[in-house]
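Predicted model and sequence below, questions to follow.
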Amino acid sequence: MAEKYAGSIVLEVDGREIEVTKCDPREVTGRKLVKTMNSSGRARGFAKGIKEWTIAVSAVMPTDSSEIDWAGIDDAKLTIYPLNNSDKRTSYLGCFVTEVGESYTVDNEAVIDIQLSALNKVEE
């Protein structure tokens, strides 16, 4: 029997499904290497820090007026789940947009590139 793997995802912003071409969530642990002078000549540990979550999204540009005001998003909830499997949901809470830009390609595809930060991540 063949193994099943995650494929496409569905992205929701405050419960509204968004048509995306790319979604890159990242978690920075905040840990920092602590360098000390010692006889071994190497670092011996790390310090805990503050976790950070960032999400880079490329969304398609609708031709009608249904486009989201991306620059105005603050304190939003982003939910990501695999297509055809809404049981495994990951939500990012307290999301706010830090950058918005547009991108055009030779393949006649126009997208909006959005950089977001989140205050918390939960597995639902």
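That came in fine, so what should we check first?

residues touching the residue nearest to the spatial centre of the chain, list them.
In the chain, the C-alpha nearest the mean C-alpha coordinate belongs to residue 55, at 2.2 Å (CA atoms, centre = their mean). Going by CB atoms under 8 Å, 6 or more residues apart in numbering, residue 55 touches 23-26, 78, 92, 95, 115-118. C-beta coordinates here come from the backbone N, C-alpha and C atoms, glycine included.

Just the buried subset of these, please.
Buried members of the contacts of residue 55, scored by 16 or more other CB atoms under 10 Å, are 23, 25, 78, 92, 95, 116, 118.

Show me what the residue nearest to the centre of the chain is bridged to.
residue 25, residue 116 (DSSP bridges).

Can you tell me the closest non-neighbouring residue to residue 67?
Nearest non-adjacent residue to residue 67, counting by CB to CB, 6 or more residues apart in numbering: residue 61, 6.9 Å away.

Verify the stated contact: that neighbour with residue 113.
No. Counting by CB atoms under 8 Å, residue 61 stays clear of residue 113, with 10.8 Å between them.

what is in contact with these two at once?
residue 102.

tell me the phi and psi of residue 71?
phi -60, psi -20 (degrees, to the nearest 10).

Kindly provide the distance from it to residue 12.
Note on residue 71: its distance to residue 12, by CB to CB, to the nearest Å, is 19 Å.

same thing with residue 21?
16 Å.

Which one's more surrounded, these two?
The neighbour count for residue 21 versus residue 12, taken as other CB atoms under 10 Å, is higher for residue 12 (17 against 12).

so the more buried one makes contact with residue 20?
No. The criterion here is CB under 8 Å, and residue 12 misses it with residue 20 at 10.4 Å.
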